[in-house]
Structure formats: C-alpha cells, structure tokens
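*Asks:* need coordinates for the following:
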Amino acid sequence: MRKNLLKLFAVFLAISLSACGMLPDKIDETASWPAGKLYREAKEEMRGGNYEKAIEYYEKLESRYPFGVFAQQAQIDIAYAYYRDNEPAQALAAVERFIKLHPNHPNIDYMYYLRGLINFNDRVGLMNFAFRQDLSERDPKAAQDAFDSFKLLVTRYPDSVYSKDAIYRMRYLVTMLAKYEVHVAKYYFRRGAYLAAANRAQRTITNYPDSAVVEEALYILAESYKKLGLYDLSNDANRIFQQNFPNSKIPYGGEAEDNPWWQFW
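*Replies:* Next comes the predicted model:
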C-alpha cells in the first residue's frame with residue numbers, strides 16, 4: 001500500500017512539473033514600446049513616487065536604445081531615482097558611472113551637484129533633525145565628500161544654476177567639519193590626552209579660521225597647554241581668546257554661540 005502511494009505521488013509530481021513547464025513565460029508589456037514611450041512611462045512613475053518601477057523602465061530604455069536620444073537622460077534620471085528612493089550607494093554608483101562616461105555632457109554640473117546632495121543628505125536626514133542629533137559627532141567622511149563635490153562644482157562651473165545652493169551647503173559643511181574637530185579635541189581633553197587635544201584644537205584654528213567654533217578651539221588650546229605645563233603657550237592662546245571673544249561664556253561653563261543649520265539657506 002505504501003509503495004503504491006509513493007508511486008502515485010511520484011507520478012503526480014512528474015505531471016505537475018510538466019504542466020509548469022508548459023505554462024507560458026511572463027509577458028513583458030514593454031517589449032514593443034518605443035524609446036519615447038519607455039521614457040514617458042518612467043517619468044510618470046517618478047512623478048508618482050514609484051522609483052523602483054521608474055528605474056526598471058529607465059534601465060530597459062538604456063539597454064534597448066543605448067545610442068538613442070533618451071539614453072543619456074535615462075542615466076541621469078536613474079541616479080536621481082536612486083537618490084529619491086533612499087539608496088545612496090546605488091545613486092553614487094550611477095553618478096560616478098555617468099561622470100566617467102560623459103565628462104563633457106552639458107548637464108555634468110548637475111551630476112556633481114547631485115553627488116554632493118547624496119553625501120550631504122547622508123549626514124542631514126529627517127531623523128537627525130527630529131532628534132536633534134549632533135551631526136558633528138559622526139564620522140565626517142560623508143561631509144567631506146559632499147564638500148569636495150560642491151567645491152568642484154563651484155570651481156569648475158561658477159555660473160551653474162546649482163552653484164549658489166552649493167555654496168550655502170558648503171558653509172554649513174565647513175561648520176560641521178570644524179565642530180567635529182572640536183568634538184575630538186574635547187574627547188582627548190576629557191581623557192587626559194592634552195597634547196592630542198592641543199594638536200586637534202590647533203588644527204581646527206588653522207583649517208577653519210572663520211568658523212564659529214574657533215572660540216571653543218582657542219579655549220581648549222589654552223587649557224591643554226596649561227595642563228601640559230606650557231604656561232607661556234597657554235598665556236598666548238588665552239590672550240588671543242580674550243581679545244577675540246571678550247564676552248565668551250565658555251570659561252564659566254557656558255557654550256559658544258551657535259546658529260542653527262537652517263539659517264544658512
């Protein structure tokens with residue numbers, strides 16, 4: 001009885017597999033679409049926020065019509081779609097690919113701007129804003145990458161429509177990078193690594209002389225030298241601190257004045 005059941009099951013399984021093999025493949029509705037229709041449908045999906053579907057259409061467009069008038073625009077739109085879909089790694093890869101393939105494209109300035117935005121938003125996200133996370137305490141690599149992209153845009157294409165916004169964002173990024181240096185200097189100071197704290201504070205002052213955090217960096221520098229017994233250097237740093245920030249609250253446990261990031265634009 002058991003053998004018969006096993007044989008019956010084997011026959012049933014074979015019939016089922018054969019039936020599956022006879023089913024027609026899934027029909028690609030876009031197979032007959034011309035380049036223009038693929039592009040229009042992709043743009044429509046983008047407007048509706050369906051970024052995955054838009055990317056699918058753009059990729060089909062690029063693969064089927066690689067030398068058509070829509071192919072290069074599709075590459076640009078793919079990068080933007082990944083950016084809007086919160087896929088920064090894929091977005092950056094798409095941007096880098098486009099820059100490599102089309103370094104002289106009329107819209108290359110936009111791709112440098114988009115690369116900066118992708119890295120910028122890696123630091124300034126909605127959750128960071130909602131919970132008031134101190135962005136200066138995070139790894140500054142993305143901020144530095146964003147700054148470099150914006151700087152390249154502004155340097156190479158000063159008349160670009162994106163340059164003004166890029167400059168505003170660069171100002172903010174400079175402040176964040178400077179604050180990161182001060183954050184590290186304070187960490188070293190708390191741990192008793194006064195030489196490292198002094199070096200980090202000095203680097204902040206040298207690299208970001210116009211930043212608002214110079215006030216705190218000078219104070220850390222003076223206090224670090226004092227802890228090291230380098231009283232002449234400490235007095236010099238403190239004198240510069242007093243001359244430039246006579247009303248500073250930092251020596252009394254207060255904080256340096258700081259402007260919220262949204263005031264930059």
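
*Asks:* which residues in the stretch 101-250 of the chain form helices?
*Replies:* Under the criterion DSSP state H, counting those that start in this stretch, the stretch 101-250 of the chain contains helices at 108-123, 126-130, 141-156, 163-190, 194-207, 214-227, 231-244.

*Asks:* using JSON lines, lay out those helices together with mean neighbour count, distance to I99 and mean pLDDT.
*Replies:* In short, each C-beta sits where N, CA and C put it, glycine included. As requested, those are exported to JSON lines (neighbours: other CB atoms under 10 Å; distance: least, CB to CB, whole Å; pLDDT from 0 to 100):
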{"stretch": "helix 108-123", "mean neighbour count": "22", "distance to I99": "6", "mean pLDDT": "90"}
{"stretch": "helix 126-130", "mean neighbour count": "10", "distance to I99": "28", "mean pLDDT": "37"}
{"stretch": "helix 141-156", "mean neighbour count": "19", "distance to I99": "10", "mean pLDDT": "93"}
{"stretch": "helix 163-190", "mean neighbour count": "19", "distance to I99": "16", "mean pLDDT": "93"}
{"stretch": "helix 194-207", "mean neighbour count": "19", "distance to I99": "27", "mean pLDDT": "96"}
{"stretch": "helix 214-227", "mean neighbour count": "23", "distance to I99": "35", "mean pLDDT": "96"}
{"stretch": "helix 231-244", "mean neighbour count": "15", "distance to I99": "42", "mean pLDDT": "95"}
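
*Asks:* any chance of a markdown table for these, columns distance to A71?
*Replies:* Converted to a markdown table, the helices of the stretch 101-250 of the chain look like this (distance: least, CB to CB, whole Å):
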| stretch | distance to A71 |
| --- | --- |
| helix 108-123 | 15 |
| helix 126-130 | 34 |
| helix 141-156 | 24 |
| helix 163-190 | 27 |
| helix 194-207 | 43 |
| helix 214-227 | 49 |
| helix 231-244 | 56 |
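
*Asks:* which of these sits closest to G68?
*Replies:* Of all those, it is helix 108-123 that lies closest to G68, at 19.7 Å by CB to CB.

*Asks:* got the angle between that closest one and helix 163-190?
*Replies:* With axes from the mean of the first three to the mean of the last three CA atoms, to 10 degrees as the basis, helix 108-123 and helix 163-190 are set at 30 degrees to each other.

*Asks:* phi, psi for the closest residue to V182 other than its chain neighbours please.
*Replies:* Spatially, and ignoring its direct neighbours in sequence, V182 is nearest to V213 (4.8 Å; CB to CB, 6 or more residues apart in numbering). Note on V213: backbone dihedrals following degrees, to the nearest 10 are phi -80, psi 0.

*Asks:* what's the burial count for V213?
*Replies:* Residues near V213, counting by other CB atoms under 10 Å, number 26.

*Asks:* state the distance from it to Y162.
*Replies:* 27 Å (CB to CB, to the nearest Å).

*Asks:* ditto for Q73
*Replies:* Note on Q73: its distance to Y162, by CB to CB, is 17 Å.
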